[in-house]
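Enquirer: Have a look at this fold, sequence not included:
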């Protein structure tokens with residue numbers, strides 16, 4: 001996919017695309033049909049290769065306008081193209097929300113996996129930067145103004161902490177993504193009728209989860225926390241990357257000159273410029289991620305009855321946009337931190353040029369009656385060590 005309104009969208013490839021979503025919906029229908037046959041509920045001649053019958057996303061998308069979701073259009077198309085036994089048993093026991101929600105989870109898992117890989121690469125790059133520049137003197141700023149002495153390693157370690165905060169929960173989240181099977185009203189009534197018992201219905205749901213490598217789950221039709229948890233994880237990543245991008249963009253200003261992107265961009269009219277394009281595009285993603293996740297929470301809060309009238313529908317495109325934007329930001333951040341150039345001499349010069357930085361130290365010394373310490377960087381070394389230890393544990397075992 002490409003998107004002229006979102007430079008870099010191609011980096012997300014086919015993730016959360018129409019074709020990926022269609023393939024996931026077909027996979028759900030296929031696994032359910034196979035489960036009915038395996039359980040002896042549907043006859044063996046009902047089994048068919050559904051993927052060979054559903055390759056027209058545009059037709060399905062156009063038909064979806066009639067019933068308000070693409071599953072009805074997909075099922076109609078599959079039945080039109082199937083033999084009689086397959087058409088008769090296809091989708092029996094499911095409802096459109098089962099197929100759509102489960103397919104959405106399958107697609108989101110692929111995006112989360114890609115993001116987890118990018119986070120792991122970022123942890124390695126940032127660990128290297130923190131170690132390389134851990135003792136390089138640098139000036140800190142609070143509320144845009146010169147504050148106290150610190151080190152470049154401490155700054156990078158803060159970035160690394162943010163990435164770790166985002167990356168560490170991803171493995172757990174991906175291992176807990178649930179299947180959705182509830183039938184028309186989320187009661188498993190149709191599946192129970194087909195299987196002849198509640199245990200049989202739950203066994204069908206569990207078999208679907210196993211086939212799709214999802215977690216078995218009871219119906220969650222209008223309990224939307226599985227969706228909001230995904231959105232929150234994506235936003236947490238973008239928050240961490242936005243912090244890095246903001247610091248790099250500020251540090252790359254000519255009057256600061258402490259950082260330079262490895263592959264900055266140019267200007268259409270000013271040849272002298274070396275724009276921090278990766279930082280700019282990462283900040284773009286960070287600024288827009290939270291409102292998208294807020295839409296998912298608003299939709300969750302608006303859940304009503306046994307299937308929501310509009311709130312459920314608002315999730316699909318929102319999650320797709322948020323996931324693709326996050327994947328792109330992940331790739332951009334990996335490129336940024338792996339190629340970032342840090343100028344230790346310029347950082348030291350900026351620190352030396354700042355005035356009044358030790359006024360706090362003097363007041364603390366006067367208060368206690370002790371002599372001033374030779375350096376005023378506090379626990380910086382300990383903080384860096386703590387972050388680096390955490391990063392090494394993550395690299396050794398991301399789960």
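Expert: Great, that's in hand. In this text the structure is predicted, and so the values were computed from the model without any measurement.

Enquirer: so where's the protein uncertain?
Expert: 264-273 (pLDDT under 70).

Enquirer: and the helix or strand harbouring residue 122, what does it pack onto?
Expert: Using DSSP states H and E, residue 122 sits in helix 96-132. Helices and strands touching helix 96-132, as assessed by 3 or more C-beta pairs under 8 Å, 6 or more residues apart in numbering; DSSP states H and E, comprise helix 18-38, helix 70-81, helix 152-175, helix 198-212, helix 225-251, helix 311-339, helix 380-396. C-beta coordinates here come from the backbone N, C-alpha and C atoms, glycine included.

Enquirer: Residue 92 reaches residue 36, doesn't it?
Expert: Yes. Under the criterion of C-beta atoms under 8 Å, residue 92 makes contact with residue 36 at 6.9 Å.

Enquirer: more neighbours, the two?
Expert: residue 36 (22 against 16; other C-beta atoms under 10 Å).

Enquirer: which residue sits closest to the more buried one, ignoring its sequence neighbours?
Expert: For residue 36, ignoring the flanking residues on the chain, the nearest one in space by C-beta to C-beta, 6 or more residues apart in numbering is residue 42 at 3.9 Å.

Enquirer: my read is that neighbour is in a strand, agree?
Expert: No. Read with DSSP: H, G, I helix; E, B strand; the rest coil, residue 42 is coil and lies in no strand.

Enquirer: follow-up on the earlier one: common neighbours of residue 92 and residue 36, please.
Expert: 42, 194 (C-beta atoms under 8 Å, 6 or more residues apart in numbering).

Enquirer: one step back: for the residue nearest to residue 36, give me its contacts.
Expert: By C-beta under 8 Å, 6+ apart, residue 42 lies in contact with 33, 36, 85, 89, 92.

Enquirer: Let me know the distance separating the fourth one from residue 82.
Expert: It stands for residue 89. Per C-beta to C-beta, to the nearest Å, residue 89 is found 9 Å from residue 82.

Enquirer: Just want to know which of those two has more residues nearby.
Expert: residue 89 (22 against 18).

Enquirer: so that one makes contact with residue 46?
Expert: Yes. Using C-beta under 8 Å, residue 89 and residue 46 qualify as a contacting pair, with a distance of 4.2 Å.

Enquirer: and for the two, which residues touch both?
Expert: Both residue 89 and residue 46 are contacted by 33, 36, 37, under the criterion C-beta under 8 Å, 6+ apart.

Enquirer: Closest one of these to residue 322?
Expert: Residue 322 has its nearest neighbour among those in residue 33, at 31.3 Å by C-beta to C-beta.

Enquirer: what sits against the closest residue to that closest one other than its chain neighbours?
Expert: Distance criterion C-beta to C-beta, 6+ apart; nearest residue to residue 33, sequence neighbours excluded, is residue 90 at 5.9 Å. Contacts for residue 90 (C-beta under 8 Å, 6+ apart) come out as 29, 33, 46, 50, 75, 78, 79, 82.

Enquirer: Kindly report the same for residue 77.
Expert: 53, 54, 56, 59, 60, 63 are the contacts of residue 77 under C-beta under 8 Å, 6+ apart.

Enquirer: on that earlier part again, distance to residue 299 added to the helices and strands packed on helix 96-132, as a markdown table?
Expert: Output for the helices and strands packed on helix 96-132, formatted as a markdown table (distance: least, C-beta to C-beta, whole Å):
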| stretch | distance to residue 299 |
| --- | --- |
| helix 18-38 | 18 |
| helix 70-81 | 18 |
| helix 152-175 | 19 |
| helix 198-212 | 24 |
| helix 225-251 | 8 |
| helix 311-339 | 4 |
| helix 380-396 | 33 |
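
Enquirer: of these, which approaches residue 127 most closely?
Expert: Closest to residue 127 of those is helix 380-396 (C-beta to C-beta; 4.6 Å).

Enquirer: Grab the nearest non-local neighbour of the residue nearest to the spatial centre of the chain.
Expert: Nearest residue to the geometric centre of the chain (C-alpha atoms, centre = their mean): residue 234, 3.2 Å. Distances taken as C-beta to C-beta, 6+ apart place residue 326 nearest to residue 234, at 4.3 Å, with adjacent residues excluded.

Enquirer: and if you look at residue 118?
Expert: Among residues not flanking residue 118 along the chain, residue 330 sits closest, at 3.7 Å (C-beta to C-beta, 6+ apart).

Enquirer: swap in residue 373?
Expert: residue 361 (7.4 Å).

Enquirer: what sits against that neighbour?
Expert: Residue 361 makes contact with 372, 373, 376 under the criterion C-beta under 8 Å, 6+ apart.

Enquirer: For the buried ones among those, write the corresponding ChimeraX selection.
Expert: What follows is the ChimeraX syntax selecting those of those that are buried according to 16 or more other C-beta atoms under 10 Å:
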select :376
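
Enquirer: Closest to residue 238 out of the contacts of residue 361?
Expert: Nearest to residue 238, judged by C-beta to C-beta, of those is residue 376 at 34.2 Å.

Enquirer: what phi and what psi does the backbone show at residue 275?
Expert: Residue 275 adopts backbone torsions of phi -70, psi 140, taken as degrees, to the nearest 10.

Enquirer: partners of it in the sheet?
Expert: Beta-bridge partners for residue 275, by DSSP bridges, are residue 265.

Enquirer: Neighbours of it, how many?
Expert: Applying other C-beta under 10 Å, we find 15 residues neighbouring residue 275.

Enquirer: Report the separation between it and residue 257.
Expert: Separation of residue 275 from residue 257 (C-beta to C-beta) stands at 15 Å.

Enquirer: Phi, psi for residue 146 please.
Expert: phi -60, psi 130.

Enquirer: Correct me if wrong: residue 107 contacts residue 22.
Expert: No. Using C-beta under 8 Å, residue 107 is not in contact with residue 22; the gap is 10.1 Å.

Enquirer: between the shared contacts of residue 89 and residue 46, which is nearest residue 391?
Expert: Of all those, residue 33 has the smallest distance to residue 391: 46.0 Å, by C-beta to C-beta.

Enquirer: Quickly note the distance from that closest one to residue 321.
Expert: Counting by C-beta to C-beta, the gap from residue 33 to residue 321 is 31 Å.

Enquirer: Same question for residue 343.
Expert: As judged by C-beta to C-beta, residue 343 and residue 321 stand 37 Å apart.
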